[in-house]
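> sequence-free structure coming up:
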């Protein structure tokens with residue numbers, strides 16, 4: 001007895017079994033059809049980053065290469081212990097953090113596909129202070145600038161190691177350009 005297995009592309013294949021013995025042999029044939037997995041995607045509104053006080057997020061299963069949603073079983077895992085079913089669902093997260101949303105789809109032929117995305121839920125007020133920047137004029141990380149949400153005012157002072165103040169700022173979207 002021997003077997004051979006490989007990943008096959010979508011299509012119909014003829015399988016032939018040949019048996020031989022001391023005094024006889026036999027052949028049998030059968031067709032094997034490999035059907036395509038559903039091609040899927042996830043649409044999320046308002047986006048992959050939301051604030052805890054925002055209304056619920058809306059998720060939709062996408063079928064970019066055809067297929068009707070009603071021809072599929074559509075299951076959602078929302079990363080916070082909640083689940084859902086159907087092409088479109090809405091959910092409100094009750095806690096902040098990073099959540100992995102997983103979409104599982106199977107069609108009438110029991111062919112399965114999965115897609116996932118990461119959602120970040122921020123607190124109503126938060127503050128992020130960078131740990132580094134590169135003021136080299138390339139347009140990427142050229143300013144040392146804190147950012148946040150729900151902060152009315154702030155002041156940032158930057159000192160040398162000898163106590164000399166080299167920057168003082170109060171505009172949240174400005175920041176230090178590295179010059180003094």
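Cool, the structure landed. Since we're looking at a predicted model, the values are computed, not measured.

> residue furthest from the geometric center of this protein?
residue 23 (60.6 Å; CA atoms, centre = their mean).

> from the contact counts, what lies against the lowest-mean-pLDDT helix or strand in the chain?
Between all helices and strands in the chain, the lowest mean by mean pLDDT, DSSP states H and E belongs to strand 147-149, at a mean of 77. Other elements packing on strand 147-149 under the criterion 3 or more CB pairs under 8 Å, 6 or more residues apart in numbering; DSSP states H and E are strand 126-128. Using the backbone N, CA and C atoms, a C-beta is placed for each residue, glycine as well.

> residue 101 contacts residue 79, doesn't it?
Yes. When contacts are counted by CB atoms under 8 Å, residue 101 is listed as touching residue 79 (5.6 Å).

> anything in contact with each of these two?
Shared contacts of residue 101 and residue 79 (CB atoms under 8 Å, 6 or more residues apart in numbering): residue 119.

> in the chain, which residue is closest to the centre?
residue 117 (1.5 Å).

> what residues does the one helix or strand that residue maps to touch?
Using DSSP states H and E, residue 117 sits within strand 112-122. Contact partners of strand 112-122, identified using CB under 8 Å, 6+ apart, comprise 37-42, 44, 48-52, 57, 79, 93, 95-106, 149.

> check contacts around the residue farthest from the centre of the chain.
Residue 23 touches nothing, counting by CB under 8 Å, 6+ apart.

> how near is it to residue 16?
Applying CB to CB, to the nearest Å, the value for residue 23 to residue 16 is 21 Å.

> could you list every residue that touches residue 54?
residue 46.
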